[in-house]
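**Student:** Show me how the following folds:
(one chain, ligands or ions: 2)
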Amino acid sequence: MPDLPFATIGFDLDGTLLETHRDLGAAVNHALALGGFEPVPADHASDLIGGGAKIMLQRAVDEQGGLPEEGFRKLYKAMLAYYSENNAVHTRPYPHAREVLDQLRDSGIAMAVVTNKFESFARQILTTLDLADRFVAIIGGDTMGKGKAKPAPDPVFEAVKRGGGGSLAFVGDSSYDVMAARAAGVPVIGARYGYCDKPRGELGADAEIDSLAELIPALARLG
Ligand SMILES: O=C(O)COP(=O)(O)O
Ligand SMILES: [Mg+2]
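**Tutor:** Residues are numbered from 1 along each chain as shown. Ligands and ions are numbered 1, 2, ... in the order given. Got it, this is the predicted structure:
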């Protein structure tokens, strides 16, 4: 493994380390059914991911005409309750995730998760998948407070801090990740295999990878 000039690697979760769209899609569909809406097809669920659970449900409801605040809140609560019980049924690490995390750990590099999921869900899923102990920090969309989730830089700064204050590179699949990394002034790699909301080459990342097997060479080239 090449020497990497980073003390910490920050990882987005959904669409970067973990394939989560089937469980998230099932939670959205559970809520939609309660509201009398049509389910989101499995292959469309991934298009709604990136901004956290609330934005995901909002997008799905808006596509079918929307709902007044009160009714939406009820469905959102039902979605969270369902997801809290069913968040690691189909969710899996992407190919090569474990080996890359092992290689980074063995090189003495700290790893942090910076996700727009609730911290508790992220922690729960990573624990179920036996990955939680790899990370010096698991920072969720609710960890830093209101208005301080990605695309704001705050959770990235927090990852730098909890990684010991050295240089950090970020890896993420959506424009929220790229914006957060840019705002924090850290280099960023785009995960093309995830739930990208931009065409190939247009994420604005320093590099894009098609598989986690390409991550370490891509990080080495950033140095
Ligand atoms: O759940 C989401 O919509 C976003 O989660 P992520 O920040 O880990 O991609
Ligand atoms: Mg993501």
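
**Student:** looking at this protein, which helix or strand is least sure?
**Tutor:** Lowest by mean pLDDT, DSSP states H and E among the helices and strands of the chain is helix 42-45, with a mean of 88.

**Student:** Tell me which helix or strand comes right after it.
**Tutor:** The first helix or strand that comes after helix 42-45 along the chain, using DSSP states H and E, is helix 53-62.

**Student:** Give me every residue in the protein lying close to ligand 2.
**Tutor:** Listed as neighbours of ligand 2 in the chain under the rule C-beta under 5 Å from the ion: 12, 14-15, 173-174. (C-beta placed from N, C-alpha, C; glycine too.)

**Student:** Any chance of JSON lines for those, columns secondary structure and distance to ligand 1?
**Tutor:** Formatted as JSON lines, the residues of the chain next to ligand 2 follow (DSSP: H, G, I helix; E, B strand; the rest coil; distance: C-beta to the nearest ligand atom, whole Å):
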{"residue": "D12", "secondary structure": "coil", "distance to ligand 1": "5"}
{"residue": "D14", "secondary structure": "strand", "distance to ligand 1": "3"}
{"residue": "G15", "secondary structure": "coil", "distance to ligand 1": "5"}
{"residue": "D173", "secondary structure": "coil", "distance to ligand 1": "6"}
{"residue": "S174", "secondary structure": "coil", "distance to ligand 1": "6"}
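
**Student:** ok so, going back, could I get the buried residue list for the least confident helix or strand of the chain?
**Tutor:** Of all the residues in helix 42-45, those buried under the rule 16 or more other C-beta atoms under 10 Å are A45.

**Student:** how far does that helix sit from the chain's center?
**Tutor:** Put simply, helix 42-45 sits 17 Å off its chain's centre (C-alpha atoms, centre = their mean, to the nearest Å).

**Student:** Please apply the same query to stretch 215-223.
**Tutor:** 20 Å.

**Student:** Only C-alpha atoms, please: export that stretch in CSV.
**Tutor:** C-alpha atoms of stretch 215-223 as CSV (Å, rounded to 0.1, in the frame of the first residue of the first chain):
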residue,chain,number,x,y,z
LEU,A,215,-9.8,4.3,-3.6
ILE,A,216,-6.2,3.9,-2.2
PRO,A,217,-4.5,4.6,-5.6
ALA,A,218,-6.8,7.6,-6.1
LEU,A,219,-5.9,8.9,-2.6
ALA,A,220,-2.2,8.5,-3.4
ARG,A,221,-2.6,10.5,-6.5
LEU,A,222,-4.2,13.4,-4.5
GLY,A,223,-1.2,13.7,-2.3
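
**Student:** Now that stretch: buried residues?
**Tutor:** 215-216, 218-219.

**Student:** which pair in those spans the largest distance?
**Tutor:** I216 and A218 (7.3 Å; C-beta to C-beta).

**Student:** So this protein: which segments form each domain?
**Tutor:** Following automatic domain parsing, the chain resolves into domains at 8-20+91-222, 21-85.
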